[in-house]
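Asker: With the sequence up front, the predicted model follows.
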Amino acid sequence: MMKALRLPGRALGGFDHGVHPPHHKERTEDLPIQRLPFGSRFVMPLGQHIGAPSVPVVKAGDAVRRGQLIAGPGGFVSVALHSPVTGKVLDVGPHRYSDGTFREAIAIEADPYDSQEFEGAPIDWESLSLEAFIGEVQKAGIVGMGGAAFPCHVKYSLPEGTRIRCLLINGAECEPYLTTDHRLMVERPEALLHGAEIVRSKLGAEEIVIGVEKNKPDAIEMLQRSIGPGQPVRVVPLEVKYPQGAEKMLIKSIFGVEVPAGKLPRDVQIAVNNVGTIVAIADYFQKGMPLIERVVTVSGPGVAYPANLLAPLGTPIRDLLRFAGGLKEETRQVVMGGPMMGASIADLDAPILKGSSGILALTANETGRPEERPCIRCGRCVEACPYFLNPARFARLARARLYEEMAEKYNVMDCVECGCCTYSCPSGIPIVQHIRTAKDYLRSMTRKEK
Amino acid sequence: MTQKDPKLLIQPGPQLRQEMTTPVVMRDVWYALTPATLAGIWFFGLGAFLVLLASIAGAVLVEWFFSPQEKRRYFLGDGSAILTGWLLGLTLPPALPMWMAFIGGAVAIGLGKTIWGGLGGNLFNPALVGRAFLLATFPIAMTTWTAPGDFFSIPSSVFALPLMQGEVDALTQASPLGLMKFAHKETGFFDLLFGNTSGSLGETSGLLLILGGVYLWWRRDLDWRIPVGILAAAMVFSSILFLIDPDKYPGPIFSALSGGMLLGAIYMATDPVTSPLTPKGTWIFAIGIGLLVILIRVFGGFPEGMMYAILLMNAVTPLIDRYTQPRVFGRGLDSK
């Protein structure tokens, strides 16, 4: 029997700082994933991942089948796009995005008489070379499904001399309310383990580690029970703390290793993938199904019937909310993603995307910042920042527009915008927003210099 | 069936809000101070209460006067002006003329805070700025300590007309620190613990001050490093002196419980605005105060040194902050 390999410096007491927001997962953590009925109109934005937008290969009037390619990758850091339904292309043009802006998208009208059965065949992954495997993942349109939507195949394309020893699967799901990864781990552990095995063998990693926050004991148990004999898989329970699922924090928690600033997990021989991403990979190689649907948690006190929904991509947010009982009158805000890093939704008719892990309806009890007051230098943000930056200083410098000083003396570019500082601020100062402004400014300056 | 969408809020993340806000923090400190304040009033009588009120009135009035008209409610709403006046009041002698206390409160906010740009901008603890001003201006009244006495008899000096000192008709008595410094007489442990000694009106009851501190710590409003660091440094330093000459120098327990040590360590030095941001800096700040207090008490001209110790460390806080930035995650690792 092959013994699970231990990477150097393992297992050491989590990461420092961070915050403990109430996790609110009780609303949906025990609800099985339900399939959302197909709607009639779907919108697939061309740029729903990080990187170059996809390039359409269909035009208005074309008939498309569910899972058919509708746009190819627009470069290396880009992925393909597939039709979430069988139907007809309405148009290719600007459509409303959840933030209220218009972006290029392909609109598709579902064929009301089609069964919407997916037809596809498994793909023989064992015979694929690493390059061919990477090409397949790009072709399947798979991106990081934890929220960032970074093209997955880019992570697998390693520079010369880099080796991956461990495939780390991120099942922390540290954002409050969200339970999509939780449900996938409970309901589809075999798919997860199978997908993980595919990626592990292709990358030549020695072991698979799955990190799961301790507030999902059923997921931990289910995974442990599903590990086959001899499979080099470890399930590691993690402290419930935000942002446990930030990949560098996850690596610190499990391996005790700090990924150096400006470097990637691969520089410490680790590849990190989200649970949903790995399941998507399994679905592609087992059933030939590209990324055309995903699990979305619809929750929050603003909806009557919270749910974990398996929804076709491109479905209007309104349809998901309607399935969950519609918005209550006291709803003040609808959020796409988790409440810590997610964004306000401006238009409920905008579609859900590959990176949409949750749709949350929040009331005045949870959202809305207190009136902004002067910084009293209490230091709560300093003790919350998992990167050991100085958010109070950032807010002060940003207000004086000393952006260069923020970068040179205080490493503002290391900030991942997890929001711990703003969450912990008793004066209601939008610290992360100041930091985003600074980072945007600094990035545009470096671009200009080039 | 169309139902109108609710009006949706658009804001940058994080969307989740927590309950701790500045006004809540300030109010927590009010609650924490209440027991020790009531004890002070109980021991020193209604006169002490009037002194406290005068100090708060001075602080609030100046805050009101200097805040822009349309934002007055908002400025006063954070409760920090009341707190400043209250803290100042607790450091005053119980028989101080009310008009002096009023001026102290006014100076605390005026010169201690608004002149620096308001809440969050000041370098020095406002309440202590007020006290330093009073001590320099009215040195005699500020060092006339009365013994705890009858609850209803108010010393006539409290009602002295403005610009008048007034006669202290209550029984005057040197404070425990004065007794120690000038007569080498130590006050009993239990008197210090419960507050039945002469001194400022809110500093005498060690037990209740600690109780309030524990409450603040439990509410996470208080950086525990500051009181712990101050008391540890002061006690270690005074232990060393005590071991050298037990007849001349006070012991560590006396040092910790007497004078403004607890009031200063728990409620004044912990003022977030004027203490360092970084955990390491906080330790330096606290230990610096602890050492300075004993240094001033033992070798300086005054029996008490808490106020100057805190003000001195306030002055170096920006410097401490600059040199104690924590190591950023993923930076400065040794390349092994």
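Answerer: Nice, thanks for sending it over.
Asker: what does the stretch 1-150 of chain B have sitting close to chain A?
Answerer: B:3, B:5-18, B:20-22, B:24-25, B:74, B:78, B:118-121 (Cβ under 8 Å from any Cβ of the partner chain). Using the backbone N, CA and C atoms, a C-beta is placed for each residue, glycine as well.
Asker: list the contacts for the residue nearest the centre of chain B?
Answerer: Nearest to the mean C-alpha position of chain B, counting by Cα atoms, centre = their mean, stands B:Met268 at 3.0 Å. Shown in contact with B:Met268 (Cβ atoms under 8 Å, 6 or more residues apart in numbering or on different chains): B:Leu87, B:Asn125, B:Ala127, B:Leu128, B:Gly260, B:Met306, B:Ile310.
Asker: Restricted to buried residues, select the residues of the stretch 1-150 of chain B next to chain A in PyMOL.
Answerer: Buried residues within those, by 16 or more other Cβ atoms under 10 Å in any protein chain shown, are selected in PyMOL with:
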select buried, chain B and resi 6+8+9+12+13+14+15+16+17+18+20+21+22+25+78+118+119+120
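Asker: if I look at the residue lying closest to A:Ile210 once chain neighbours are set aside, how far off is chain B?
Answerer: Nearest residue to A:Ile210, sequence neighbours excluded (Cβ to Cβ, 6 or more residues apart in numbering or on different chains): A:Ile169, at 4.4 Å. Relative to chain B, A:Ile169 is positioned 22 Å away (criterion: Cβ to the nearest Cβ, to the nearest Å).
Asker: do A:Tyr177 as well
Answerer: Taken as Cβ to the nearest Cβ, the span from A:Tyr177 to chain B is 9 Å.
Asker: confidence score at that residue?
Answerer: Model confidence at A:Tyr177, given as pLDDT, is 96.
Asker: Just the element for it, please.
Answerer: Using DSSP states H and E, A:Tyr177 sits within no helix or strand.
Asker: Count the neighbours of the closest residue to chain B within the stretch 1-150 of chain A for me.
Answerer: Closest residue of the stretch 1-150 of chain A to chain B, Cβ to the nearest Cβ: A:Pro21 (5.5 Å). As a burial measure, A:Pro21 scores 24 neighbours (other Cβ atoms under 10 Å in any protein chain shown).
Asker: same check, this time on A:Leu321
Answerer: A:Leu321 has 22 nearby residues by other Cβ under 10 Å.
Asker: Can you tell me the SS state at it?
Answerer: helix (DSSP: H, G, I helix; E, B strand; the rest coil).
Asker: OK, contacts around it?
Answerer: So A:Leu321 contacts A:Val298, A:Val303, A:Leu327, A:Val334, A:Leu348, A:Ile359, A:Ala361 (Cβ under 8 Å, 6+ apart).
Asker: filter those residues to the buried ones?
Answerer: A:Val298, A:Val303, A:Leu327, A:Val334, A:Leu348, A:Ile359, A:Ala361.
Asker: Restricted to strands, list those.
Answerer: A:Val298, A:Val334, A:Ile359, A:Ala361 (DSSP state E).
Asker: restrict those to contacts with chain B.
Answerer: Okay, of these touching chain B (Cβ under 8 Å from any Cβ), that's A:Val334.
Asker: Now the two most distant members of the ones in strands among the buried ones among the contacts of A:Leu321.
Answerer: Farthest-apart pair in those is A:Val298 and A:Val334; separation 10.0 Å (Cβ to Cβ).
Asker: Can you work out which residues contact both of these two?
Answerer: A:Leu321, A:Ile359, A:Leu360, A:Ala361.
Asker: can you redo those as JSON lines with pLDDT?
Answerer: JSON lines is the format used below for these (pLDDT from 0 to 100):
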{"residue": "A:Leu321", "pLDDT": "96"}
{"residue": "A:Ile359", "pLDDT": "96"}
{"residue": "A:Leu360", "pLDDT": "96"}
{"residue": "A:Ala361", "pLDDT": "95"}
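Asker: Nearest to B:Pro326 among those?
Answerer: Once Cβ to Cβ is applied, the member of those that ends up nearest B:Pro326 is A:Leu360, at 33.0 Å.
Asker: one step back: out of the contacts of B:Met268, which sit inside helices?
Answerer: B:Leu87, B:Ala127, B:Leu128, B:Met306, B:Ile310 (DSSP state H).
Asker: Could you pick out the buried ones from those residues?
Answerer: Here, 16+ other Cβ under 10 Å leaves B:Leu87, B:Ala127, B:Leu128, B:Met306, B:Ile310 buried among the ones in helices among the contacts of B:Met268.
Asker: Lovely, talk soon.
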